[in-house]
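**Q** Predicted structure and sequence below. I'll ask about it afterward.
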Amino acid sequence: MTSAPFPAAMEATLAEILPSLRETRQDLHRHPEIGFKEVRTAAMVAEKLRALGLEVTEGVGGTGVVGTLRAGTGNRAIGFRADMDALAMTEATGLPHASTIDGMMHGCGHDGHTTMLLGAAEVLARNPEFSGTIHFIFQPAEEGLGGAPAMMRDGLFERFPVDAVYGLHNKPNLPEGSFNVAIGPMLAAADIYTVTFGGQGGHGGSGPHLSIDPTLAAAQFVMNLQSIVGRNLSPFDQGVVSVGHIGGGNYDAPNVIPSKVVIRGTTRSFKPETRDLIERRLNEMAKAAADAYGTTLEVDYNRMFPSLHNPEESTNRIAEALRQRFGDARVDDRASPGMGAEDFAYMLEQSTGCFFFLGAGDGPALHSDRYDFNDKLIGDGVRYWLTVALEELRA
């Protein structure tokens, strides 16, 4: 299939604003803000949306912003969502537009996502070739702090009802400018656990027999964890159990048996029953290790994001619309599910719609301290949103 052009007026507007969109993206990159502290970012977003004539609501779910654009007589409403928050990490790119805030950087491209959605809002506001309502949802705190459920608890879909909601995320190491989606399960449910073994510290040389050593329980627990995936899950199922932190004792006192060891990690799954099994077996293994070595035990298992599932009908429809605009070669709707997680999944639990990846080309991975959003994607990111608007809200 060969691609069909976008409306000429929309393309002209996009060409006109692309330089300023790049400036906006790099300004956001220089001034990163972590979850629920996106004060400057949210204020910039609200100001730009008001200047375009949109109805703007601030403070949704903390620092979230919603801009509403209406055109024509259509009674359908859709939501476009972009995340705004940065990561608590130190940038090492050395770029002229690198972060100016110590310990914070846009290491996942949310500066680009915000910019692309602002660009789409401007093109559509200046060229309202659709009929219906678009709610532009700028979400805080995607990076593990629960920004999507916070907006929903604040009445996001009651205050701004939608018939469908859509998301887009850049992805390095996919062909630049390609669109990638899986129908059904696309991203995993993500949980965080903290297991604390408590004992009685003592001298590691002269009196280990007088201690209750939590390191032994911790070691058994860590080794047994991998058997959950290897021996409890079906070979046809998918799951991940990982340890990301082990802490106990004092580095400068290696001859002292600690009184406490803390283990933290993440688990990933797609099916609710798999999620339940992993949580149950993790608790059982922690208790078995504590009982074996006489330690105390505390387990905190926090269910973070649900699995993101793309509904078949709406995903197929948008994939076909993207093929018509960009050509077959740039759209892959048979992607394999990934073990990453995304709290846009909460929104898709409440509404139809879909979530796509936009290929960023070769480069450092997301969450790398050398990552930087590829500004070449801005135009096609805007065109993605235009495609959805023109498909869902036909004039």
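**A** Cool, got the structure.
**Q** Where does the residue nearest the centre of the chain sit: helix, strand or coil?
**A** Among the residues of the chain, residue 342 comes closest to the average C-alpha position under CA atoms, centre = their mean, at 3.5 Å. In the three-state summary, residue 342 is assigned as coil, counting by DSSP: H, G, I helix; E, B strand; the rest coil.
**Q** Isn't it up against residue 305?
**A** Yes - applying CB atoms under 8 Å, one finds residue 342 in contact with residue 305, separated by 6.6 Å. The C-beta positions use only the backbone N, C-alpha and C, and glycine is treated the same way.
**Q** thinking again about what came up before, list the contacts for the residue nearest to the centre of the chain?
**A** With contacts taken as CB atoms under 8 Å, 6 or more residues apart in numbering, residue 342 has the following neighbours: 142, 167, 169, 187, 305, 308, 355.
**Q** now swap in residue 76 and tell me
**A** The neighbourhood of residue 76, defined by CB under 8 Å, 6+ apart, consists of 132, 133, 163, 392, 393.
**Q** neighbours around the second one, how many?
**A** If I follow you right, that is residue 133. Residue 133 has 22 neighbouring residues, counting by other CB atoms under 10 Å.
**Q** Show me which positions of stretch 66-74 end up buried.
**A** Across stretch 66-74, burial judged by 16 or more other CB atoms under 10 Å covers 66, 67, 68, 69, 70, 71.
**Q** mind checking how far the residue located most distally from the centre of the chain is from residue 378?
**A** No residue in the chain sits farther from the centre than residue 206, which is 50.3 Å out by CA atoms, centre = their mean. When CB to CB, to the nearest Å is the yardstick, residue 206 and residue 378 sit 65 Å from each other.
**Q** out of the contacts of residue 76, what pair is the most spread apart?
**A** Across the contacts of residue 76, the longest distance by CB to CB is 10.6 Å; it joins 133 and 392.
**Q** Where does the closest residue in space to residue 54 that isn't next to it in sequence fall, secondary structure wise?
**A** Excluding its sequence neighbours, the residue lying closest to residue 54 (CB to CB, 6 or more residues apart in numbering) is residue 67, at 4.0 Å. Element membership of residue 67 [criterion: DSSP states H and E] is strand 64-71.
**Q** and that strand, C-alpha only, in CSV?
**A** Taking Å, rounded to 0.1, in the frame of the first residue of the first chain, the C-alpha atoms of strand 64-71 are listed here in CSV:
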residue,chain,number,x,y,z
GLY,A,64,-2.0,16.9,35.4
VAL,A,65,-3.4,19.2,32.7
VAL,A,66,-6.3,18.5,30.3
GLY,A,67,-7.0,20.7,27.2
THR,A,68,-10.3,20.3,25.4
LEU,A,69,-10.8,21.1,21.7
ARG,A,70,-14.2,20.9,20.0
ALA,A,71,-15.1,21.1,16.3
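**Q** and the next element down the chain from it?
**A** Sequence-wise, the next helix or strand beyond strand 64-71 is strand 77-83, with elements assigned using DSSP H and E.
**Q** Against residue 371, how distant is residue 41?
**A** Computed with CB to CB, the distance linking residue 41 and residue 371 is 18 Å.
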